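J.: what's the 3D shape of this:
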Amino acid sequence: MKNLILTFFSILLLSSCNKKEEAVPVAKKEVTEKATESKEFEMYEMSEMASLMEQMYVDNQRLKERIKKGDTIGQFPSHFLKIHKSAMTDESENDAFFKEQAAVFINSQKLIYEDPKNAKEHFNTGVAACISCHQVKCAGPIPRIKKLFIE
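T.: Numbering: from 1, shown residues only. Prediction:
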């Protein structure tokens, strides 16, 4: 008799648990579908200037290592000159201050290749020009840029 009652309660318990589990996934699925319908995914696209600056950063990381090792410097990367023409995220940022800082940066970069004996100083001047501009325009990348300095 005890076995019969125990079996009955076990079946009752298991069947009641199964009903709850079936109801929960349906509710979650409906909520997920509604949230997906109301919110569309938008892909971020870098501006030409942001993309160029990312490339210049990578190029300068490589250049820094060559300068530190005393390797040959190579040739000035001509794509750096696109800094004057690349489209910015906010075109109003392409003002006289930006143009002045871009010119300082380009001149110091050219000097690295023209005067390799003082490459370290010219390189650090270029990094400082980046930081000076970013302090006014967009401070976000400053900690990353500071890592480029050659000590």
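J.: what sits against the closest residue to Ser47 other than its chain neighbours?
T.: If the residues on either side of it in the chain are set aside, Ser47 comes closest to Thr89, at 4.3 Å by C-beta to C-beta, 6 or more residues apart in numbering. To be clear about C-beta, it is placed using only N, CA and C from the backbone, and glycine gets the same treatment. Residues counted as contacts of Thr89 (C-beta atoms under 8 Å, 6 or more residues apart in numbering) are Ser47, Met49, Ala50.
J.: Can I have the buried ones of those as a PyMOL selection?
T.: The PyMOL command for the buried members of these (criterion: 16 or more other C-beta atoms under 10 Å) is given here:
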select buried, resi 49+50
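J.: re earlier: for the residue nearest to Ser47, pull up the helix or strand it's in.
T.: Following DSSP states H and E, one finds Thr89 outside all helices and strands.
J.: how near is it to Gln101?
T.: Going from Thr89 to Gln101 by C-beta to C-beta, to the nearest Å gives 17 Å.
J.: Point to the helix or strand of this protein where mean pLDDT is at its lowest.
T.: Sorting the helices and strands of the chain by mean pLDDT, DSSP states H and E puts helix 2-38 at the bottom, at a mean of 55.
J.: next structured bit after that one?
T.: helix 48-69.
J.: If we go by neighbour counts, what in that next one is buried?
T.: Met49, Ala50, Leu52, Met53, Met56, Asn60, Leu63, Lys64, Ile67.
J.: before we move on, what about stretch 75-95?
T.: Buried, per 16+ other C-beta under 10 Å, within stretch 75-95: Pro77, Phe80, Ile83, Ser86, Met88, Asn94.
J.: So which of those residues is the closest to Tyr113?
T.: For the buried residues of stretch 75-95, the residue nearest Tyr113 by C-beta to C-beta is Pro77; the value is 9.1 Å.
J.: That closest one touches Asn60, doesn't it?
T.: No: applying C-beta atoms under 8 Å, one finds Pro77 not in contact with Asn60, separated by 9.5 Å.
J.: what's the domain layout of this protein?
T.: 1-42, 48-146 (automatic domain parsing).
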